[in-house]
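1. Just need the structure, nothing else, for what follows:
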Amino acid sequence: MIGLKKRDMKYIMKVGAEAQGVSVSEFRAMLQDTIDETMESTDADVQENLKRYFGNKRPTPEEHIYTITKKTRI
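-> Purely as a prediction, here's the structure:
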C-alpha cells in the first residue's frame, strides 16, 4: 500500500496541474469532468467499479485520487 494521507491531495493536485501545464483549478475541473463522464457511463463494468469504490456518491477529484490510489494494488 502507498503511504498516502488526505493532506497530500493538495500537493498531488499541484503536481498534476504542473505536469499538464494548467492551473490547479483547471486541473481539478478536468478531473471533475472525467469523473462526471464516468458516472454517466452505460458500461456495466465501469458502473460496478464505481459502486464498489464510492457507492452511490459522486466523489470529488481529491476523494477519487485518494480512494483509487489506496484501493488499487500495484
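2. Phi and psi next, for Pro59.
-> The phi and psi values for Pro59, taken as degrees, to the nearest 10, are phi -80, psi 150.
3. Equivalent analysis for Asn56, please.
-> Main-chain dihedrals, Asn56, degrees, to the nearest 10: phi -100, psi 10.
4. what pLDDT does it get?
-> For Asn56, the model assigns a pLDDT of 87.
5. again with Ile12
-> Confidence score, pLDDT, at Ile12: 90.
6. Same question for Ala17.
-> So, for Ala17, pLDDT stands at 94.
7. Leaving out the residues flanking it, which one is nearest to it?
-> Phe27 (3.7 Å; Cβ to Cβ, 6 or more residues apart in numbering). (Glycine included, C-beta is placed from N, CA and C.)
8. ditto for Met9
-> Leaving aside its sequence neighbours, Met9 sits nearest to Glu62 (Cβ to Cβ, 6+ apart; 4.2 Å).
9. OK, contacts around the one you found?
-> Going by Cβ atoms under 8 Å, 6 or more residues apart in numbering, Glu62 touches Lys6, Met9, Met13.
10. For Thr69, see how far away it is.
-> Glu62 sits 11 Å away from Thr69, going by Cβ to Cβ, to the nearest Å.
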